[in-house]
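Enquirer: got a predicted structure here, sequence first:
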Amino acid sequence: MDLRLADKVVVITGAAKGMGAAITLAFAAEGARLVLSGRDMAAIEPVAEAARGMGRSVITVACDITDPVQTEALAAAARDAFGRIDVLVNVAGGTGPMGETAWSTSTEAFEEIVRLNVTGCFNTMKAVLPVMVEQCYGKIVNVGGTFGMRGRAGRMAYSASKWGLRGVTKSTALEAGPHNINVNYVAPGMVEGPRFRTKVIPDVMDRHGVSEAEAVARHADEYALRRITQDEDVANACLFFASDVSRQITGADLAVDGGWAHL
């Protein structure tokens, strides 16, 4: 199926690593023009070069999404370079405190992850939406998480931030819909990669006194398909929501988790 993403202008936050890199290269493979942003520009550049090697037009913009001045500058750079903004994919985010109860989580840690995962996405959406409204076209894909759909003990702050992002997504979908703008939410489950291996799995190993292999198996056994989500699975969901194949879908939650959030 032709997703008709060739020459679409796609802004991707958190494009440097893991899911962000996979999403970037998936859009590059579809022929999109790319605006890649993040705080670590050295990490973004190899991804940008890989996309350029596929013949794509790419610009990179340093941006801390928690700073609205920087997100406005990101939108301006995209428009200056390409004349429009067709798609925003919000990948940038963080994990917050792990293994903490609601009563042991510090206010500072709670506010920090909400600021990154909710306010940061609000900032980028606020920056690009006037452009999308003016052109009467746009797609926004917010990458959240299944802990924002079912909750998770020991991950209260992260879960709260992703529930909040769902609310931002759904309300904005209602507001932007009359302007032919779709706003949707992709919710990965546990995704194989550095964050999973260096943060999530060590926490499980410490709490349950199990090996790394046993910790991974514990997670896989929770899912109907008995396997951990891969970066490419999330990228494919983002392509779907960014394309006109999903033209009649907005305000939706799409769990990419092998069967956990809804089962």
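Expert: Now that the structure is in, tell me what you want to look at. Numbers count the residues shown, from 1 in each chain.
Enquirer: chain center to stretch 234-246: distance?
Expert: 12 Å (Cα atoms, centre = their mean, to the nearest Å).
Enquirer: hey, C-alpha coordinates of that stretch in PDB?
Expert: Presented in PDB, the C-alpha positions along stretch 234-246 are these (Å, rounded to 0.1, in the frame of the first residue of the first chain):
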ATOM      1  CA  VAL A 234       6.100   1.600  16.800                       C
ATOM      2  CA  ALA A 235       7.500   3.200  13.700                       C
ATOM      3  CA  ASN A 236       4.800   1.400  11.600                       C
ATOM      4  CA  ALA A 237       2.000   2.600  13.800                       C
ATOM      5  CA  CYS A 238       3.400   6.200  13.400                       C
ATOM      6  CA  LEU A 239       3.400   5.800   9.700                       C
ATOM      7  CA  PHE A 240      -0.200   4.700   9.700                       C
ATOM      8  CA  PHE A 241      -1.400   7.700  11.700                       C
ATOM      9  CA  ALA A 242       0.700  10.100   9.700                       C
ATOM     10  CA  SER A 243      -0.700   8.900   6.400                       C
ATOM     11  CA  ASP A 244      -4.100   9.600   4.800                       C
ATOM     12  CA  VAL A 245      -4.900   5.900   5.100                       C
ATOM     13  CA  SER A 246      -6.000   6.900   8.600                       C
END
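Enquirer: check this structure for its longest helix and report it.
Expert: Identified as the longest helix of the chain according to DSSP state H is helix 156-176.
Enquirer: so for it, what gets flagged as buried?
Expert: Neighbour-count burial for helix 156-176, counted by 16 or more other Cβ atoms under 10 Å, picks out 156-166, 168-170, 172-173, 176. No exception for glycine: its C-beta is placed from N, CA and C like everyone else's.
Enquirer: before we move on, what about stretch 190-208?
Expert: For stretch 190-208, by 16+ other Cβ under 10 Å, it's Met190, Val191, Glu192, Gly193, Arg195, Phe196, Val200, Ile201, Val204, Met205.
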